[in-house]
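1. predicted model and sequence below, questions to follow.
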Amino acid sequence: MAPLRTPEERQARREQSRQLETRIATVLRTGVISAAVLLTVAQPWIVFQDRAHRAHHLSVGDALRRLPELDPRAVAAVGVLIIVATPILQLLTSAVLFWRKHDRLYVGLTLMVCVIIAIGALLTGGGH
Amino acid sequence: MIICLDIWSAEPELHYSARMVNFTPGFEVAILLGAVIAGLLGALLGLGGGTFIIPMLTALGVDIRHAIAVSIVAVIATSCGAASSYVRDGLANIRIGIFLCVATTTGALFGAGLNGVLPVRALYLIFAGVLGWSGIIMFRKRGRSADRLEPAEDAPGGRLRLAGRFYDPSLGRERRYVPSRPGLGFGLMVGAGTVSGLLGIGSGGLKVPAMDLAMDLPIKVSTATSNFMIGITGLASALVYLERGQVLISLVSPIALGVLAGATLGTRLLPRLSGATIRACFVVVLALIVAQMLYQGLT
């Protein structure tokens, strides 16, 4: 990006930065609110469900498989997955927004973070 | 006790048994309330909350393997809950966060690769010393005037354009800042990430002092940007733990709900508190982390 010379250019860039912040905040907020709604619905349902059901110590993956039965644990599992997916969306949204702003440096840095995380997950996950 | 917040470290020493706690409604309410406190402190101090969640769960009889896996998801929940407000309010600096995430993720990957090569106990002790020293310096800076940090209007923040501004309700005015020594901050974050990867410890306790001391950022920006980063850096571990089936839905559901509520409270509290108060709280929690590290190193 070229250096800024006039107050108008600086103001325009500040506005661009505000838009970037607003959009990333919207992505985060959407993820958080969606997850919170699902968990708020599911948690009391889990607590007050039949005790025999609650004896199961299900993983998130196992719980998800119960989604067709409308098991509250499956609803909670969807909420948990939304939480974990939110930073992924946060990164991808950042990369797209930086790209639209022609900010190649930060497009590169954001994608670099994505690649490093993917390598880390593959190496660690593959090692076990 | 092994704390493990954003890691690609080797598997910590697990003391796994088939014993699991009984999920009574009382137990679930207890962990929900504990998670609210963890989320509040995590959002306020940029720590993620795993420092509090793992000891709480293991004290309640939960196996450490499940406690660690659940805490990773809780850290991401705290991060998302806090960052959604901090980014909107301009407290979290996205460019600084992305720039430093390159360092922490690279360091964590490097540290995971080094696992088994370096003496872990000695690293715990060395790192306890480094964090203890950071805590002392942060404590000494608690009375620092906010005015000393103000740069000129429209300072660009160098080629990386890391300068920022935010409205500080505790001062009743807008504050501007330009990070000092971003190269040093980046280097420290690589080191912090490496130690995280090696030891499987959380990095909020490392990120905030690095931003506060090396980059001379306002403490509120440091904790808010740390919150922005910890969700991203915790991702790889969370994906691995989910794939392994270690994240139990009966544990993670109340805890995620609790930390989201706590993080929301924390984000409302942070802007109103003075920098000195936040710094003092952070130093107290840092002292607890140092104690945990010393315990790890000496036992």
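-> Great, that's in hand. Keep in mind that what you see is a predicted model, and the values were worked out from it rather than measured.

2. pull the helix or strand with minimum mean pLDDT from chain A.
-> Here the helix or strand of chain A ranked lowest by mean pLDDT, DSSP states H and E is helix A:51-54, holding a mean of 58.

3. and for chain B?
-> Per mean pLDDT, DSSP H and E, bottom of the list for chain B is helix B:120-140, a mean of 79.

4. can you map out the helices along chain B?
-> Assigned by DSSP state H, the helices in chain B fall at B:25-45, B:50-59, B:64-88, B:94-114, B:120-140, B:182-199, B:204-209, B:219-233, B:235-244, B:249-269, B:275-298.

5. so for A:Leu123, which of these sits nearest?
-> The closest of the helices of chain B to A:Leu123 is helix B:94-114. By CB to CB, the value is 7.2 Å. In short, each C-beta sits where N, CA and C put it, glycine included.

6. what's the angle from that closest one to helix B:235-244?
-> 60 degrees (axes from the mean of the first three to the mean of the last three CA atoms, to 10 degrees).

7. wait, A:Arg23 touches A:Leu92, no?
-> No. A:Arg23 is beyond contact range of A:Leu92, at 11.8 Å (criterion: CB atoms under 8 Å).

8. contacting residues for the closest residue to B:Arg181 other than its chain neighbours?
-> Distance criterion CB to CB, 6 or more residues apart in numbering or on different chains; nearest residue to B:Arg181, sequence neighbours excluded, is B:Ala214 at 5.7 Å. By CB atoms under 8 Å, 6 or more residues apart in numbering or on different chains, the residues touching B:Ala214 are B:Ser180, B:Arg181, B:Leu184, B:Gly185, B:Leu188.

9. if I look at the residue lying closest to B:Ser222 once chain neighbours are set aside, how far off is B:Pro271?
-> Distances taken as CB to CB, 6+ apart place B:Met211 nearest to B:Ser222, at 3.9 Å, with adjacent residues excluded. The gap separating B:Met211 from B:Pro271 is 18 Å, by CB to CB, to the nearest Å.

10. ok, A:Pro68 - contacts?
-> Here A:Pro68 is in contact with no residue (CB under 8 Å, 6+ apart).

11. go again with 10 Å.
-> A:Ala74 (CB atoms under 10 Å, 6 or more residues apart in numbering or on different chains).

12. now B:Cys80
-> A:27-29, A:31-32, A:35, A:82-87, A:89-90, B:227-228, B:230-231, B:259-260, B:263.

13. hang on, the earlier thing: any figure for the gap between the residue nearest to B:Arg181 and B:Gly183?
-> 9 Å.

14. re the thing from before, quick one, which of the contacts of B:Cys80 are buried?
-> Neighbour counting with 16 or more other CB atoms under 10 Å in any protein chain shown marks A:27-29, A:31-32, A:35, A:82-87, A:89-90, B:227-228, B:230-231, B:259-260, B:263 as buried within the contacts of B:Cys80.

15. give me the nearest residue to the residue nearest in space to the middle of chain A, chain neighbours excluded.
-> Nearest to the geometric centre of chain A sits A:Thr86, at 0.5 Å (CA atoms, centre = their mean). By the measure of CB to CB, 6+ apart, the closest residue to A:Thr86 outside its immediate chain neighbours is A:Gly31, 3.2 Å from it.
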